[in-house]
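Visitor: coords below, sequence missing:
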């Protein structure tokens, strides 16, 4: 090989290596720019609140009868049930459910002929549970107070509590998610404007736990609250969202 061509060859190789290096560096810089560009996001939490009125009330109660025999207790249960059903009809309660009857032996401790302490069965107790479900959220809760009038007829109808439910909560949550996402975007825009930035499209969104509380309550829990004690309620929905910035 002509020795005079070697410098030219070395120069060509050096040029190729330099070009390759520049191309590689450009590729690295491009990838880094894309990474930096894509990492320019802002994460915020938006919320939406809605006051609602319960549209379903559940009232549970029970009464009990006792007798020395099963047959006698059963007859007393039937008689008491007639009284209770008459009371409910008089209060315009058209539908109610009779829960399974609970039967318990009544026992007492005594002594036998050998003067030993023994447990003897002295009778039976039958307990009848009743459940009323109604859209009349105003009048149904009054049953727990008005049931006291049955004492005059020999029946102690004991209230076991009243629950207030909002049956459209599922639909409300879906609608409120959109409002919470809009609130998140508004917050993101307010924050971004302080740095002379603008908010682009939504990157991701995740719904938080739903809080159903008594009206105006702001109580929260990790599992989410589901109040059944109050007629008027407040539903709160949160959405954690990420938006791109430019």
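Guide: Nice, I can see it. Keep in mind the model is a prediction, meaning the values are calculated, not measured.
Visitor: count the neighbours of residue 243 for me.
Guide: Per other CB atoms under 10 Å, the neighbour tally for residue 243 reads 23. Any C-beta I mention is one placed from the backbone N, CA and C, and that applies to glycine too.
Visitor: flag every buried residue along the longest strand along the chain.
Guide: Longest among the strand segments of the chain by residue count, using DSSP state E, is strand 117-134. Across strand 117-134, burial judged by 16 or more other CB atoms under 10 Å covers 123, 124, 126, 127, 128, 129, 130, 132, 133, 134.
Visitor: per-residue confidence for the closest residue to residue 104 other than its chain neighbours?
Guide: In this structure, residue 104 finds its nearest non-sequential neighbour in residue 125, 4.7 Å apart by CB to CB, 6 or more residues apart in numbering. Residue 125 carries a pLDDT value of 97.
Visitor: could you do residue 139 as well?
Guide: Per-residue confidence (pLDDT) for residue 139: 93.
Visitor: that one touches residue 92, doesn't it?
Guide: Yes - the pair residue 139 and residue 92 qualifies as a contact (CB atoms under 8 Å) at a distance of 7.5 Å.
Visitor: so between the two, which is more surrounded?
Guide: The residue with more neighbours, out of residue 139 and residue 92, is residue 139; 13 against 10, by other CB under 10 Å.
Visitor: can you name the residues bridging to residue 48?
Guide: Applying DSSP bridges to residue 48 gives these bridge partners: residue 237.
Visitor: show the pLDDT at it.
Guide: At residue 48, the model reports a pLDDT of 96.
Visitor: now for it: which residues touch it?
Guide: Residue 48 is in contact with 176, 177, 179, 180, 183, 236, 237, counting by CB atoms under 8 Å, 6 or more residues apart in numbering.
Visitor: let's see it at 7 Å
Guide: Residue 48 makes contact with 176, 179, 180, 183, 237, according to CB atoms under 7 Å, 6 or more residues apart in numbering.
Visitor: same thing with residue 172?
Guide: The contact partners of residue 172, taken as CB under 7 Å, 6+ apart, are 50, 52, 235.
Visitor: can you redo those as JSON lines with secondary structure, neighbour count and distance to residue 243?
Guide: Listed next are the contacts of residue 172 as JSON lines, based on DSSP: H, G, I helix; E, B strand; the rest coil; neighbours: other CB atoms under 10 Å; distance: CB to CB, whole Å:
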{"residue": "50", "secondary structure": "strand", "neighbour count": "15", "distance to residue 243": "24"}
{"residue": "52", "secondary structure": "strand", "neighbour count": "15", "distance to residue 243": "30"}
{"residue": "235", "secondary structure": "strand", "neighbour count": "20", "distance to residue 243": "25"}
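Visitor: could you look up the SS state of residue 219?
Guide: Three-state call for residue 219 (DSSP: H, G, I helix; E, B strand; the rest coil): coil.
Visitor: tell me the spacing between residue 57 and residue 98.
Guide: Going from residue 57 to residue 98 by CB to CB, to the nearest Å gives 18 Å.
Visitor: between those two, which has more neighbouring residues?
Guide: Neighbours were counted for residue 57 and for residue 98 using other CB under 10 Å; residue 57 has more, 22 against 12.
Visitor: assumed that one was part of a helix.
Guide: No - under three-state DSSP, residue 57 falls outside any helix and is assigned strand.
Visitor: surely it and residue 131 touch.
Guide: No - contact between residue 57 and residue 131 fails when scored by CB atoms under 7 Å: they sit 11.2 Å apart.
Visitor: hmm, residue 89 and residue 96 touching each other?
Guide: No - Residue 96 is beyond contact range of residue 89, at 9.7 Å (criterion: CB under 7 Å).
Visitor: who has more neighbours out of those two?
Guide: The neighbour comparison of residue 96 against residue 89 (other CB under 10 Å) goes to residue 96, with 17 against 11.
Visitor: now the more buried one: closest residue in space, sequence neighbours ignored.
Guide: Using CB to CB, 6+ apart, the closest residue to residue 96 is residue 132 (4.6 Å).
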